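>>> fold the following, please.
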Amino acid sequence: MTDVPNPFQSPEAEAYTSDLPYQQAEHSGWMWILFSFNGRIPRRYYWGASVLVGVLFLAFMFGLMAVFGEGSDEVFNGMIFAFIPFVWCTLALRVKRWHDRDKRGWWILITLIPYLGSIWEFIECGCLRGTEGPNRFGSDPT
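Residues are numbered from 1 along each chain as shown. Sure, this is the predicted structure:
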């Protein structure tokens with residue numbers, strides 16, 4: 001079989017596939033999943049990591065309340081301390097899911113629209129499959 005170019009392929013598609021092995025090598029591991037804003041993740045990683053981050057945050061909060069008491073200043077300071085990485089991880093997961101749908105990460109701002117934005121993001125990121133094949137954000141993670 002000869003290597004015939006696809007006449008229906010967009011001109012940018014070649015740029016997406018040219019450096020994919022390099023991108024795939026650096027896009028792996030839990031540190032990348034939780035803290036990087038680059039690349040794509042499938043729904044199963046999105047849901048799994050989201051549940052993991054939420055459970056860890058709640059466990060940390062309940063642990064602080066068990067040690068210091070519910071209304072103490074230490075619990076409030078601990079919440080502030082834990083909230084920053086929680087928000088960072090949540091944003092990183094959501095941006096990578098939008099990338100998997102071949103949309104820019106700025107689509108996370110759609111949740112600022114009351115009710116409709118959250119429903120839209122739930123359906124788009126949590127329920128729908130990502131773009132099949134490579135897109136401008138990397139190779140297909142599934």
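>>> so which helix or strand of this protein has the lowest pLDDT on average?
helix 20-26 (a mean of 48; mean pLDDT, DSSP states H and E).
>>> next secondary structure element downstream of that one?
Using DSSP states H and E, the next helix or strand after helix 20-26 towards the C-terminus is helix 30-35.
>>> give me the contact list for that next one.
Helix 30-35 is contacted from outside by E26, G39, I41, Y45, A49, V53, W88, C89, A92, L93, K96, using C-beta atoms under 8 Å, 6 or more residues apart in numbering. Just so you know, the C-beta spots here come from the backbone N, C-alpha and C atoms, and that holds for glycine as well.
>>> out of those residues, which are buried?
Using 16 or more other C-beta atoms under 10 Å as the burial test, the contacts of helix 30-35 include G39, I41, Y45, A49, V53, C89, A92, L93, K96 as buried.
>>> out of the residues you listed, which is nearest to F62?
Among the buried ones among the contacts of helix 30-35, V53 lies closest to F62 (C-beta to C-beta), at 15.2 Å.
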